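Student: Quick one: sequence plus predicted model below, questions after.
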Amino acid sequence: MISFQITPDKVFQEMVAFNRKLGKGFQNLLEAEEITTGVTPKEIIYQENKTILYRFQSDTEPKNPIPVLIVYALVNRPYMTDLQENRSMVKGLLAAGLDVYLIDWGYPDRTDQFLTLDDYINGYLDRCVDVIRKRHDLAKINILGICQGGTFSLCYTSIHPEKVKNLITMVTPVDFQTPGNLLSRWVQNIDVDLLVDTMGNISGELLNWTFLSLKPYRLMGQKYLDMVDALDDPQSAKNFLRMEKWIFDSPDQAGETFRQFIKDFYQGNKLIKGEVRLGEQTVNLKNITLPVLNIYAMQDHLVPPSSSMALKGYVDSADYKELSFPGGHIGIYVSGKAQKTVPPSIGDWLNERM
């Protein structure tokens, strides 16, 4: 039988150590410089309304002549892909010899309330693709879609396969009603029409707290207890602040886009049924016959692996490959293990399919 002895002296020593770390942490926070967003130099290539198309700059010429466009989600901000020097998927892709572009959807306001999925996918996304195609004099480019941006990329590629050479999806929901999908279960009975008709745009803060509530102890409790140890080191303190800034940097969602995405994808599961309508067009995943690399995270609490892995059964690609990552939804972008494996794997896969 194991005996744990808790003495007053031991409790006092632990309290003193905790308070010392806490005091040092507050000092490091006060001395921390402004937290920047994104570390890799980039230039604006195209801008329309709130949407900006960036091209990242590299010290070397890309080895792959076919550029890759990163399509991020509307939720949170795309600088997660370029968070800091030693945790940047963008830098990893550039190091793999790729020419990297990224769409920043910006911060929708009340003037964007009536933007639809068709506006985003057949509008902004399609025009960004055309800008890149024209700049490089190419018929097709590569697309890397992340999370909801991966779902957008699947819809886009289904409708415009003639403009896409290779498609990479990362932590992308496909089957929105697989077992264990807690987020999907939560939204099944929400009156989305009432929500959007009442609020107009949907608050990014509301959505953010919803996501955090999926793992309340880890994301809202234990994290801040662990923070005391992290803040003891100035660099760790800065890294913590950088991550916190991203987590709470949540744009509002255009009301009509949110309405359709929740009703059609989460509640209706229409993507795998071939029933999603964008304008006058219907999304059919069977139209995707080009090479597909599907990357998912084994401990993803937002997009369960089963949701992403379902893609194999719905596309008609003869060149389909899956890559699993032993981590979570955020770790796949920023963990040290991810930096060593995910961007190089994407680079190798694309470079084999020039």
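Tutor: It's in.

Student: hey, where'd the helices end up in the stretch 51-200 of the chain?
Tutor: Here the stretch 51-200 of the chain has its helices, by DSSP state H, counting those that start in this stretch, at 89-95, 117-118, 126-136, 148-159, 182-187, 192-199.

Student: Over to the stretch 251-354 of the chain?
Tutor: 255-260, 305-309, 331-334, 336-351.

Student: Of those helices, which is nearest residue 148?
Tutor: Set against residue 148 and scored by Cβ to Cβ, the helices of the stretch 251-354 of the chain come closest in helix 255-260, at 10.2 Å. Glycine gets a C-beta too; all of them are placed from N, C-alpha and C.

Student: OK, contacts around the closest residue in space to residue 195 that isn't next to it in sequence?
Tutor: Once flanking residues are discounted, residue 195 sits nearest to residue 202: 7.1 Å by Cβ to Cβ, 6 or more residues apart in numbering. By Cβ atoms under 8 Å, 6 or more residues apart in numbering, residue 202 lies in contact with 195, 196, 252, 253, 255, 258.

Student: Could you list the low-pLDDT ranges of this protein?
Tutor: For the chain, the stretches with pLDDT under 70 are 1-35, 209, 211-237.

Student: For residue 259, see how far away the closest residue to residue 187 other than its chain neighbours is.
Tutor: Computed as Cβ to Cβ, 6+ apart, the closest residue to residue 187 that is not its neighbour in sequence is residue 266, at 5.0 Å. Separation of residue 266 from residue 259 (Cβ to Cβ, to the nearest Å): 11 Å.

Student: now swap in residue 179 and tell me
Tutor: Between residue 179 and residue 259 the distance, using Cβ to Cβ, works out to 26 Å.

Student: Repeat that for residue 102.
Tutor: To residue 259, residue 102 is 26 Å away according to Cβ to Cβ.

Student: out of the two, which sits in the busier spot?
Tutor: Applying other Cβ atoms under 10 Å to residue 102 and residue 259 shows that residue 102 carries more neighbours, namely 27 against 19.

Student: For the more buried one, list each beta-bridge partner.
Tutor: When bridges are called by DSSP bridges, residue 102 pairs up with residue 54, residue 70.

Student: just checking, it touches residue 90?
Tutor: Yes - Residue 102 lies in contact with residue 90 (Cβ atoms under 8 Å); the separation is 7.4 Å.

Student: Now list whatever residues contact both of these two.
Tutor: Common contacts of residue 102 and residue 90 (Cβ under 8 Å, 6+ apart): 56, 70, 81.

Student: what residues are up against the second one?
Tutor: Applying Cβ under 8 Å, 6+ apart, one finds that residue 70 lies in contact with 78, 81, 90, 100, 101, 102, 103, 144, 145, 146, 149.
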